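In: After the sequence you'll find the predicted model.
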Amino acid sequence: MQTTFEIPTHGQGLYEFTRQVTRWTSGQGDGVLTLFVRHTSCSLLIQENADPEVQTDLHNFFARLVPPTTDPSMAYLTHTYEGPDDMPAHIKAAMMPVSLSIPVAQGRPVLGTWQGIYLFEHRNAPHRRSVAAHFLA
Amino acid sequence: MQTTFEIPTHGQGLYEFTRQVTRWTSGQGDGVLTLFVRHTSCSLLIQENADPEVQTDLHNFFARLVPPTTDPSMAYLTHTYEGPDDMPAHIKAAMMPVSLSIPVAQGRPVLGTWQGIYLFEHRNAPHRRSVAAHFLA
Amino acid sequence: MQTTFEIPTHGQGLYEFTRQVTRWTSGQGDGVLTLFVRHTSCSLLIQENADPEVQTDLHNFFARLVPPTTDPSMAYLTHTYEGPDDMPAHIKAAMMPVSLSIPVAQGRPVLGTWQGIYLFEHRNAPHRRSVAAHFLA
């Protein structure tokens, strides 16, 4: 069983889509859910869904670890013509998951109590992101 | 076929559980093993199991890349009320795998000669960690 | 269905093997492709395959984030007897994927327009790398 989740984004940060996923697997039995993001400038992330400060902090940490190419420390980067947030987005996409595999028991992904499923957008401009999903029983 | 591996931890570092995994898949045929850690402050890792210095070095590298929130360089972080190792743990959990997919041939995960399966604990306090496992043939 | 892709490398950098993969899944139906690299000093990466500068920049970013152990900033590392690129290779292997799960529709991995599949070699010396592949329908 396959589908695609479409996630509109408006700037860098985390966008939760846990509910879309659990609604889709609901009614299925045991199996494994595969999520795969079809882009090279955003990531998939399992993270805490309790305190929104975690999401802000995650964004700020990676924004400092991989600053825009306008930052003097990033002057060695050459792929800059699509904007100062472009190459840093590719780097972050290399450091965080492009695919996730989640066991499903009786139609429910076995997420821990505090785990939510997020798309982590690394670009500033609005995008429409596609996450391919496959459920294997 | 599903199970959960329980891994008790006592402080930051790598905890190998390769043998629990290979014992569980033994007797199965060909397929894929999915491992998924049900927490947001520890990671799954495939790493060298020959020289224990690799594990110490890995821990030390990430402890410097993402220091505790008591470190002045981390003063911009806001999610700090669960202790100085809490938000750094979430950050490390974003940088390292939450799920692993390993092909299995005749009941054996196709690990390379030097590969072991580890839980990487990012918190200081003792925890009991759950790793959900699913074998699909 | 299982196979192993062999990828010869000659120094650090990205080596694309998208075509080997798509040729192998071609003719299959719907399912999930699992890729797993059987080493602890290289990574698997989905990245942009349009502009080769992206690959150079990725290599340079990680070479600065995790410099060789001959760099004074890395003097705390202890696993150094296999060369100055050895422990940094293990660290990079912890930060980037060891496995990838990609949905397949009618025999085609559902890669986005700009996505290619790469082996990211972290060692200087030539190596022959094995990537285990499994297709589950």
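Out: Now that the structure is in, tell me what you want to look at.
In: could you dump the longest strand seen in chain A to CSV, C-alpha only?
Out: Longest strand in chain A, counting residues (DSSP state E): strand A:126-136. Extracted C-alpha coordinates of strand A:126-136, given in CSV (Å, rounded to 0.1, in the frame of the first residue of the first chain):
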residue,chain,number,x,y,z
PRO,A,126,7.7,28.3,0.7
HIS,A,127,7.7,24.8,-0.7
ARG,A,128,5.3,21.9,-1.3
ARG,A,129,7.2,18.8,0.0
SER,A,130,6.4,15.2,-1.0
VAL,A,131,6.9,12.3,1.4
ALA,A,132,6.5,8.9,-0.2
ALA,A,133,5.0,6.3,2.1
HIS,A,134,4.8,2.5,1.8
PHE,A,135,3.2,0.0,4.2
LEU,A,136,4.5,-3.6,4.0
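In: what about A:Ile91, how many residues close to it?
Out: 23 (other CB atoms under 10 Å in any protein chain shown). The way it works is simple: take the backbone N, C-alpha and C, and place the C-beta from them, glycine included.
In: what does chain A put close to chain B?
Out: A:30-32, A:45-48, A:51, A:53-54, A:56-58, A:60-62, A:64-65, A:95-97, A:100-103, A:105, A:110-112, A:114-115, A:120, A:136 (CB under 8 Å from any CB of the partner chain).
In: Flag every buried residue along stretch A:75-95.
Out: A:77, A:79-80, A:85-95 (16 or more other CB atoms under 10 Å in any protein chain shown).
In: Flag the shaky bits of chain A, pLDDT-wise.
Out: The model of chain A has no residue with pLDDT under 70.
In: Which positions in it make contact with chain C?
Out: So chain A meets chain C at A:2, A:32, A:34, A:36, A:38-40, A:65-66, A:76-79, A:87, A:90-91, A:93-95, A:97-101, A:130, A:132-134, A:136 (CB under 8 Å from any CB).
In: before we move on, what SS does the residue in chain A that chain B sits nearest to have?
Out: Closest residue of chain A to chain B, CB to the nearest CB: A:Gly112 (3.4 Å). What DSSP: H, G, I helix; E, B strand; the rest coil gives for A:Gly112 is coil.
In: these two touch, right, it and B:Ala132?
Out: No - the pair A:Gly112 and B:Ala132 does not pass the contact test of CB atoms under 8 Å, sitting 9.0 Å apart.
In: Between those two, which is the more surrounded one?
Out: B:Ala132 (22 against 17).
In: can you pull up the bridge partners for the more buried one?
Out: On the basis of DSSP bridges, B:Ala132 takes part in beta bridges with B:Thr4, B:Phe36.
In: residues contacting it?
Out: A:Pro103, A:Val110, B:Gln2, B:Thr3, B:Thr4, B:Thr34, B:Leu35, B:Phe36, B:Val37, B:Arg38 (CB atoms under 8 Å, 6 or more residues apart in numbering or on different chains).
In: Leaving out chain neighbours, which residue sits closest to the fourth one?
Out: The shortest distance from B:Thr3 to any non-neighbouring residue, by CB to CB, 6 or more residues apart in numbering or on different chains, is to B:Ala133 (5.0 Å).
In: just checking, that neighbour touches B:Phe5?
Out: Yes - contact criterion CB under 8 Å: B:Ala133 and B:Phe5 qualify, at 6.2 Å.
In: intersection of neighbour lists for those two?
Out: With CB under 8 Å, 6+ apart, B:Ala133 and B:Phe5 have common neighbours B:Val21, B:Trp24.
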